[in-house]
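Trainee: Sequence isn't available, so here's the structure alone:
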Ligand SMILES: Nc1ncnc2c1ncn2[C@@H]1O[C@H](COP(=O)(O)OP(=O)(O)OP(=O)(O)O)[C@@H](O)[C@H]1O
Ligand SMILES: Cc1ncc(CO)c(N)n1
């Protein structure tokens, strides 16, 4: 059984963060583990509070996993301060997992901040050289590249700018734009457009977390980058299509849409 580790924040409402990551790891046939960087009191409508875990405790959680378990792939989510980014990067340089997917979480779907300002420079110095894939959404790609992104041409240009900063592979996610749901994957082999019809649903809480974790699982299974991202794109599209209402705001996706209950009935 392949094993994936999420290093991210906790979303008590279950739709994003390590909760989404663990569900996506399982739904994509890997064993999920988690290191919690922050305890976020949030739901489908807003973020009430953010409590960041002391860096020593974050590093001890990482030690606890790596000293005992072989980690096939790591997914990085909410790393809310420069100090936490540096502490996690130091541990990744110590343990050297072969696959690291980084979702540079800065704001929640509700628009509430999840990261202190000024983390981009630390992320660029400490994480960009070691990650396998970076998966920014539109606002995150704008903050990292310094480019305003209003259309697909801007998305592709931002992906190339970020690649030139030393990131091996970049996926700029287009959920925040309008029209078809288009993402741009920039790899050393070239640029790939991944598109699907936008699902007419408000249930998009945690789509980015879920997508990056599904990509992580696919890479752990040995897929090449384009195949891993394409499969994960198909997964997230159907997870949105088959989502159900959980709260009063942006409900989460359905991570297990093709799973069955013990009687063989589709959940
Ligand atoms: N309504 C939609 N229909 C189909 N695909 C969508 C829709 N909204 C987002 N997506 C897709 O979901 C994936 C995640 O992109 P998105 O821009 O939502 O990430 P995000 O903002 O980081 O998500 P979150 O912050 O909620 O975790 C991308 O592949 C995007 O194209
Ligand atoms: C804990 C956490 N991580 C990431 C996101 C991004 O949606 C969120 N809302 N909450």
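Mentor: Nice, thanks for sending it over. None of these values were measured; they are calculated from a predicted model. Ligands and ions are numbered 1, 2, ... in the order given.
Trainee: what residues does the helix or strand encompassing residue 234 touch?
Mentor: Per DSSP states H and E, residue 234 falls inside helix 225-241. For helix 225-241, the external contacting residues (C-beta atoms under 8 Å, 6 or more residues apart in numbering) are 24, 27-28, 133, 169, 171, 181, 183, 185, 187, 189, 192, 194, 196, 199, 201, 203-204, 207, 210-211, 214-215, 218-219, 221, 223, 253-255, 257-258. In this view, the C-beta of every residue, glycine as well, is placed from N, C-alpha and C.
Trainee: Could you list which of those residues belong to strands?
Mentor: Within the contacts of helix 225-241, residues falling in strands by DSSP state E are 133, 171, 181, 183, 185, 187, 192, 194, 196.
Trainee: Residue 181 versus the last one, what's the distance?
Mentor: So the one you mean is residue 196. 5 Å (C-beta to C-beta, to the nearest Å).
Trainee: Between the two, which has more neighbouring residues?
Mentor: residue 181 (21 against 16; other C-beta atoms under 10 Å).
Trainee: mind checking pLDDT for that one?
Mentor: Confidence at residue 181, expressed as pLDDT, is 97.
Trainee: Output the residue of the stretch 1-150 of the chain whose distance to ligand 1 is smallest.
Mentor: residue 137 (3.5 Å; C-beta to the nearest ligand atom).
Trainee: show me what contacts the closest residue to that residue other than its chain neighbours?
Mentor: Distances taken as C-beta to C-beta, 6 or more residues apart in numbering put residue 173 closest to residue 137, at 4.8 Å, once the chain neighbours are dropped. By C-beta under 8 Å, 6+ apart, the contact list for residue 173 reads 135, 136, 137, 138, 183, 208, 211.
Trainee: between those, which has the most around it?
Mentor: Counting neighbours by other C-beta under 10 Å, residue 135 leads those with 30 neighbours.
Trainee: Verify the contact between that residue and residue 175 for me.
Mentor: No: assessed by C-beta atoms under 8 Å, residue 135 is found out of contact with residue 175, at 11.3 Å.
Trainee: can you list residues touching both of these two?
Mentor: Common neighbours of residue 135 and residue 175 (C-beta under 8 Å, 6+ apart) are residue 208.
Trainee: contacting residues around the residue nearest to residue 217 when sequence neighbours are not counted?
Mentor: Take residue 217 and drop its neighbours on the chain: the residue closest to it by C-beta to C-beta, 6+ apart is residue 28, 3.6 Å away. Under the criterion of C-beta under 8 Å, 6+ apart, the contact list for residue 28 reads 213, 214, 217, 218, 221, 232, 235.
Trainee: mind checking pLDDT for residue 28?
Mentor: Residue 28 is given a pLDDT of 95.
Trainee: Within range of ligand 2, give me the residues from the stretch 101-250 of the chain.
Mentor: For the stretch 101-250 of the chain, the residues in contact with ligand 2 (C-beta under 6 Å from any ligand atom) are 105, 108, 109, 114, 206, 208, 209.
Trainee: Among those residues, which ones lie close to ligand 1?
Mentor: 109, 206, 208, 209.
Trainee: Out of those residues, which comes closest to ligand 1?
Mentor: residue 208 (2.1 Å).
Trainee: in this protein, which spans are helices?
Mentor: 17-27, 55-66, 82-95, 120-126, 138-145, 152-163, 207-220, 225-241 (DSSP state H).
Trainee: on that earlier part again, go through the helix holding residue 234 and flag the buried ones.
Mentor: 225, 228-233, 235-241 (16 or more other C-beta atoms under 10 Å).
Trainee: near ligand 1, from the residues you listed?
Mentor: Among the buried residues of helix 225-241, ligand 1 is touched by 233, 236, 237, 240 when using C-beta under 6 Å from any ligand atom.
Trainee: Could you dump the residues you listed into CSV with pLDDT and distance to residue 15 added?
Mentor: Converted to CSV, those look like this (pLDDT from 0 to 100; distance: C-beta to C-beta, whole Å):
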residue, pLDDT, distance to residue 15
233, 98, 19
236, 97, 13
237, 96, 17
240, 95, 12
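Trainee: coming back round to it: would you turn the helices of the chain into CSV with distance to residue 248?
Mentor: Below are the helices of the chain laid out as CSV (distance: least, C-beta to C-beta, whole Å):
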stretch, distance to residue 248
helix 17-27, 18
helix 55-66, 32
helix 82-95, 31
helix 120-126, 33
helix 138-145, 23
helix 152-163, 31
helix 207-220, 18
helix 225-241, 18
